[in-house]
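> Could you look at this predicted model? Sequence included:
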Amino acid sequence: MPFSSPRSLLPSPSRSERRRLSEFSVACRPRMKKVHGGSTEPPLRLAMRMTETPPEHHISVSRMKATNILVVGAGIFGASAALELRLRGHSVALMDPGPLPHPDASSTDVNKIVRADYGGDTFYSRFARECIPEWHRWNAKAGRTLYHETGFLVLAGEKMRPGGFEHDSREAMRSLGQDVEPMDGEHPRRRFPAWTSRNYPDGYCNPYAGWAKSGNVLEWVLTLASDASVVFQVGERMESLLEKGSRVAGIVTDRGDEHR
């Protein structure tokens, strides 16, 4: 059944709360750059790379001890994390101030581009490419088109050269065994008759890419999480963390309730 949640209107963060968040973000930047050796990698890719576990250290799901886990925030990352943890046998609660999908979440959007073309970042490209078959499975399971495989057109204002985003994206796709269609010379005009290609003499088209209905995808993930018996705690807002030494032991809500 479709996911539904309370539709109560909750107050937006106060001016002081927004200022604290902004100051925290600015204060973290130089420290993060120092800790990671001056890295300018996108935060998500950096986090994924740094936490990637070598295969020899992988733990079988059957050997993992079931735990009680609280996920704060039911955007696409929180919802998908809660779903995956629940499917691995953990007891999971998902907390969000609501309503769900939350209108202020960046993942509650009209559409998002789905692609594996990320320049020379072969790690992220491989990660994104492996997700494409799952999008098709979701389309079939949901009974509606969440992911539209329209292709992804990459055009360059000059001849592609090594070190350029367009060239390195194409080579990354080829290294992953992905066929791409050249878009140089008259190829774009023949492929897209209404297109004038004189400003873009080079490029390629990756047919295994497209766009997703972002808001509908989030609703779908929340539905899967609900069907998997993830416990939803909608209407509560995290106020602060409970820390024990160097680890997070729980949270305190805006109501003063503690969750450990």
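Here it is on my side, so go on. Keep in mind it's a predicted model, so treat the numbers as computed, not measured. Numbers count the residues shown, from 1 in each chain.
> my read: residue 96 touches residue 70, true?
No: using CB atoms under 8 Å, residue 96 is not in contact with residue 70; the gap is 11.4 Å. Just so you know, the C-beta spots here come from the backbone N, C-alpha and C atoms, and that holds for glycine as well.
> Those two: who's more crowded?
residue 96 (25 against 18; other CB atoms under 10 Å).
> Low-confidence ranges, this protein, go.
Low-confidence segments of the chain (pLDDT under 70): 1-67, 197.
> For residue 207, see how far away the residue lying farthest from the centre of it is.
The outermost residue of the chain relative to its centre, with distances by CA atoms, centre = their mean, is residue 186 at 35.9 Å. Distance of residue 186 to residue 207, given as CB to CB, to the nearest Å: 19 Å.
> would you list every one of the strands in the stretch 101-250 of the chain?
Assigned by DSSP state E, counting those that start in this stretch, the stretch 101-250 of the chain shows strands spanning 112-114, 147-148, 152-156, 181-182, 202-206, 210-212, 231-234, 238-244, 247-253.
> Could you dump those into JSON lines with distance to residue 102 and mean neighbour count added?
JSON lines is the format used below for these (distance: least, CB to CB, whole Å; neighbours: other CB atoms under 10 Å):
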{"stretch": "strand 112-114", "distance to residue 102": "16", "mean neighbour count": "17"}
{"stretch": "strand 147-148", "distance to residue 102": "22", "mean neighbour count": "18"}
{"stretch": "strand 152-156", "distance to residue 102": "28", "mean neighbour count": "19"}
{"stretch": "strand 181-182", "distance to residue 102": "39", "mean neighbour count": "13"}
{"stretch": "strand 202-206", "distance to residue 102": "32", "mean neighbour count": "22"}
{"stretch": "strand 210-212", "distance to residue 102": "18", "mean neighbour count": "19"}
{"stretch": "strand 231-234", "distance to residue 102": "10", "mean neighbour count": "18"}
{"stretch": "strand 238-244", "distance to residue 102": "13", "mean neighbour count": "12"}
{"stretch": "strand 247-253", "distance to residue 102": "16", "mean neighbour count": "14"}
